[in-house]
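> turn this into a structure:
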Amino acid sequence: MGAKNNVTEFVLLGLFQSWEMQRACFLVFSVFHLLTVLGNLLVIVTINASKTLHAPMYFFLSHLSCADMCYPSDTLVERKTISFEGCMTQLFSAHFFGGTEIFLLTAMAYDRYVAICQPLHYTTVMGRRRCGLLAGASWVAGFLHSILQTLLTVQLPFCGPSEIDNFFCDVHPLLKLACADTYVVGLIVVANSGMISLVSFIILIISYVVILLSLRSRSSEGRRKALSTCGSHIITVLLVLVPPMFMYIRPSTTLAADKLVILFNIVMPPLLNPLIYTLRNSEVKSAMRKIFRVKGSLGGEVKLQGI
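Next up, the predicted model:
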């Protein structure tokens, strides 16, 4: 930590000053968090229990759902105090799972590129070992990104005040409270978080431009199927990457819109990803129906035997 740190806890002011609004929002987003956990858990269980969902795309999707399920989306909107250590833990976990999600989406884009542009070499290029390495590298890269953000913040001196005009411990609000020159740290934050989001976004856009160009020579049915699988990924990319680019690819300042952007980034992608990838994917929906049909029939057999 810094040489002088008189702050042992922070006060999160939340989204609204009104206690009634704070409580209403807390209840609403608690429901959202529950739906997020259940939805992503359903995707993970379906992929691992199904005999048909063994393609690399579903392997990466299960990792994406795991990151979304662990994302700290339950730490929302109720006015409360949080210890210094708890604040740093919240900061670390948000950037760890958020960063991992970005790297997993990049790996998924590579998978789609190979599947569509190099279909004859797909099974060779995207073997189990390479998929495991890409997924593992995504988690490691997310950890390295997050530990850098946390170490940069935890060593700053905080002398007071300790009120964070937000519902979440993030880098920019904490830099604003530090009683030291944070210009260099702010630049590193932009280089770390902002550039990761921007570079990943550019890579993903380029990969999908190449994919779309390659589809011109395909049949209409081939184009429809390829666009269906890519469409889900493009929607997720926009949901996940646009808010971090707004938040971090600028100087270390806080804007009035930051709360809403952070709220959107924390709540919506983890909540919507299971819907995006299941409602637009017939294979996943079919696998879910089979799993529940089997479980239902097994439950009926057990009930009949009990009679």
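> for stretch 111-126, output the C-alpha coordinates as CSV.
These are the backbone C-alpha positions of stretch 111-126, laid out as CSV (Å, rounded to 0.1, in the frame of the first residue of the first chain):
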residue,chain,number,x,y,z
ASP,A,111,-12.8,-20.4,-34.1
ARG,A,112,-15.5,-18.9,-36.3
TYR,A,113,-12.8,-17.7,-38.8
VAL,A,114,-11.2,-21.1,-39.1
ALA,A,115,-14.6,-22.9,-39.3
ILE,A,116,-15.9,-20.6,-42.2
CYS,A,117,-12.7,-19.6,-44.0
GLN,A,118,-10.7,-22.9,-43.6
PRO,A,119,-13.4,-25.6,-43.3
LEU,A,120,-11.2,-28.4,-44.6
HIS,A,121,-8.6,-27.8,-41.9
TYR,A,122,-11.0,-27.0,-39.1
THR,A,123,-10.8,-30.2,-37.2
THR,A,124,-7.0,-30.2,-37.4
VAL,A,125,-6.5,-26.5,-36.5
MET,A,126,-9.1,-26.4,-33.7
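> send over the helix or strand hosting residue 208 as CSV, restricted to the C-alpha atoms.
Secondary structure from DSSP states H and E places residue 208 in helix 195-214. What follows is helix 195-214, C-alpha atoms only, in CSV (Å, rounded to 0.1, in the frame of the first residue of the first chain):
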residue,chain,number,x,y,z
MET,A,195,-6.3,-0.6,-25.3
ILE,A,196,-7.2,-4.2,-24.6
SER,A,197,-10.8,-3.4,-25.4
LEU,A,198,-10.0,-1.3,-28.5
VAL,A,199,-7.4,-3.8,-29.9
SER,A,200,-9.7,-6.7,-29.3
PHE,A,201,-12.6,-4.9,-30.9
ILE,A,202,-10.5,-4.0,-34.0
ILE,A,203,-9.3,-7.6,-34.3
LEU,A,204,-12.9,-8.9,-34.0
ILE,A,205,-14.2,-6.4,-36.6
ILE,A,206,-11.4,-7.4,-39.1
SER,A,207,-12.0,-11.1,-38.6
TYR,A,208,-15.7,-10.6,-39.3
VAL,A,209,-15.1,-8.5,-42.4
VAL,A,210,-12.9,-11.3,-43.7
ILE,A,211,-15.6,-13.9,-42.9
LEU,A,212,-18.3,-11.8,-44.6
LEU,A,213,-16.1,-11.4,-47.7
SER,A,214,-15.5,-15.2,-47.8
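> which SSE is immediately downstream of it?
helix 220-248.
> what's the closest residue to residue 169 other than its chain neighbours in contact with, if anything?
Residue nearest to residue 169 in three dimensions, not counting chain neighbours: residue 87, with 4.0 Å by CB to CB, 6 or more residues apart in numbering. Bear in mind the C-beta positions are built from the backbone N, C-alpha and C, glycine included. Contact partners of residue 87, counting by CB atoms under 8 Å, 6 or more residues apart in numbering, are 9-10, 169, 174.
> could I get the buried residue list for the helix holding residue 208?
Applying a neighbour-count criterion of 16 or more other CB atoms under 10 Å, one finds 196-198, 200-201, 204, 207-208, 211 buried in helix 195-214.
> could you do stretch 257-272 as well?
Buried residues in stretch 257-272 (16+ other CB under 10 Å): 258-259, 262-263, 265-272.
> next: stretch 154-172.
For stretch 154-172, the neighbour count (16+ other CB under 10 Å) marks 154, 156, 158, 162, 164, 166-172 as buried.
> can you check stretch 81-98 too?
82, 84, 87-88, 90-98.
> strands - which of these land there?
residue 82 (DSSP state E).
> closest to residue 72 among the contacts of residue 87?
Residue 72 lies nearest to residue 169 out of the contacts of residue 87, by CB to CB, at 9.6 Å.
> where does the closest one fall, helix, sheet strand or coil?
At residue 169, secondary structure determined by DSSP: H, G, I helix; E, B strand; the rest coil is coil.
> list phi and psi for it.
phi -80, psi 110 (degrees, to the nearest 10).
> re the thing from before, show me which pair in the buried residues of stretch 257-272 is furthest apart.
Farthest pair in these, by CB to CB: 258 and 272, 21.0 Å.
> what's in contact with stretch 182-200?
Contacts of stretch 182-200 (CB under 8 Å, 6+ apart): 95, 99, 102-103, 105-106, 145, 148-149, 152-153, 156, 171-172, 175, 241, 244-245, 247-252.
> next one: it to chain centre, how far?
18 Å (CA atoms, centre = their mean, to the nearest Å).
> for it, measure first residue to last.
Start and end residues of stretch 182-200 are separated by 26 Å (CA to CA, to the nearest Å).
> just give me the neighbour total for residue 70.
15 (other CB atoms under 10 Å).
> then residue 124?
When neighbours are counted by other CB under 10 Å, residue 124 comes out with 10.
> please consider this matter closed, and thank you.
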